[in-house]
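J.: fold the following for me, if possible:
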Amino acid sequence: MSLIFLLEHINSYVWGAGLLFLLLFTGLFFTFRLKFIQFRLFSFIKSQIKNPVKSSSESGMSQLKTVCASLGTAMGTGNIIGVSSALLAGGAGSIFWMWVSAFLGMVLVYGENYLSILFKESNSSFSGPMCYIEKGLGSRKLAVLFSIFCLFASFGMGGMVQSNSIRTACSKCFNTSPFFITFIIFITVLAVTLGGMKRIGYVAQIIIPFITAIYIIASVSVIFIFRHNLISALDNIFSQAFSFKSATGGIGGFTLSKALSVGLRRGIFSNEAGLGSSPIMHGTSENPSPYIQGMWSVFEVFLDTIVCCTLTALVLLTSKAPDFNINIAFSAVFGSCSDIFIFISISLFAFCTIIGWYYCGETAFKYITHRNSTKIYSLIFSSLTAVGALFALEAVWTLSDIFNGLMAFPNLLALILLSFKITAPPKFNKH
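T.: Sure thing, here's the model as predicted:
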């Protein structure tokens, strides 16, 4: 039995009907219970622009750095390579289910961040699911289990997947040794992570707004060039999401289930809603309001999946690039330099994901070991992240899917059992 086959077998159990049902059920439950707070996002953003809420705390990171660092954990290769792989595996219909994942994910991250701030103790370095699982549910064992899954996810999805994608993109542009790329990744990751959350937030604040804006402008440009294909692309997304047309109905049913599974998985891989990584990041903010942190996390899911992932999907579908090749799709704007644009985009998005997930893993490491010094973890994380650039991409992606799913189980259980403590945000237009 090959390693890939074994991993895929494990992955099929982790991401079986049970987890998909749990995600959909929890998302729908909170959506109705909190009265569709997803639709309050724009009034919240408007209120924050007009009248930013001042913090009474002198500790912690600024709201901008917190949001950028949290966005960094989400806006990685899932926005580019993840969308392409979703289209290849599940067809255009998978994009619809990515939207469903994002819509339900918005309310899940709101609940996660609300509980994280609610149960965080003052002057504590811990935040996230390990806090509300231990204090809210009274189970340190379950909190440790979540932390173990989070630790391995930081190595997989947070580090190895991202570095592997950087190396793959680089190889299409430059004739560079993979070992040289590995060395550069190791040095840069180690240099940032040794500076802790303050340095991570500072770096993310510089990179994320810049590369996000550039990527959105470039994507809109490609879609505009192929705007004559836009209607048919949207039609394919909706028709294939619910298509049962086939001679016996069996093929159509399989196609639908494949689109649903792949779409939800890639959506979660992109925005990480329900995994518990977002509340770890937002717990570092200087603003102690559970409403504010919850709604900013809603914005992050919206920007990550509804905006960026959708733009990537429309770029691929309107350009009709062979095998959904993103490099070919962007050649309509950048010509022969499209490989360089993709390399820069993937590298910057991936690097922010790496350093953001480092902090999630560091928090889990400290929670499990009770160690205040994290230099050992920084060295281990940087080494494994760099080595990931040398592995086969398929194995790395499958491992990441597995630990994503394992993180979701204890986190979603805590959300459901502690749902009575989560309340909807106020009317933000009153600020």
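
J.: does Ile422 touch Tyr114 like I think?
T.: Yes. Counting by CB atoms under 8 Å, Ile422 sits close enough to Tyr114 to count as a contact (5.0 Å). Yep, even glycine has a C-beta here, placed from its N, CA and C like the rest.

J.: higher neighbour count, these two?
T.: Per other CB atoms under 10 Å, whichever of Ile422 and Tyr114 has more neighbours is Tyr114, with 28 against 20.

J.: pull the distance from the helix or strand that contains that one to the chain's centre.
T.: Here Tyr114, judged by DSSP states H and E, is contained in helix 93-119. Centroid separation between helix 93-119 and its chain, computed with CA atoms, centre = their mean, to the nearest Å, is 11 Å.

J.: pLDDT (mean, whole number) over that helix?
T.: Helix 93-119 comes out with an average pLDDT of 87.

J.: how about stretch 358-369, which residues are buried there?
T.: Tyr358, Tyr359, Cys360, Gly361, Glu362, Thr363, Ala364, Phe365, Lys366, Tyr367, Ile368 (16 or more other CB atoms under 10 Å).

J.: swap that for stretch 192-205, please
T.: Of the residues in stretch 192-205, Val192, Thr193, Met197, Ile200, Gly201, Tyr202, Val203, Ala204, Gln205 count as buried by neighbour count, 16+ other CB under 10 Å.

J.: part of a helix, is the last one?
T.: Yes. Gln205 forms part of a helix when assessed by DSSP: H, G, I helix; E, B strand; the rest coil.

J.: pLDDT on stretch 136-150, on average?
T.: Per-residue pLDDT over stretch 136-150 has a mean of 92.

J.: list the contacts of that stretch.
T.: The contact list for stretch 136-150 (CB atoms under 8 Å, 6 or more residues apart in numbering) reads 115, 119, 129-131, 133-134, 276-277, 280, 360-361, 363-365, 367-368, 403, 406-407, 410-411, 413-414, 417-418, 421.

J.: list the contacts of Ser331.
T.: Ser331 sits next to Ser338 when contact means CB under 8 Å, 6+ apart.

J.: repeat for Leu412
T.: Leu22, Leu23, Thr26, Leu108, Gly274.

J.: CSV please, covering those residues and showing secondary structure, neighbour count and distance to Ser165.
T.: Converted to CSV, the contacts of Leu412 look like this (DSSP: H, G, I helix; E, B strand; the rest coil; neighbours: other CB atoms under 10 Å; distance: CB to CB, whole Å):
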residue, secondary structure, neighbour count, distance to Ser165
Leu22, helix, 17, 29
Leu23, helix, 25, 25
Thr26, helix, 22, 29
Leu108, helix, 31, 25
Gly274, coil, 29, 23
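
J.: let me see the contact set for Leu275.
T.: Leu275 neighbours (CB under 8 Å, 6+ apart): Ala153, Ile268, Asn404, Met407, Ala408, Asn411.
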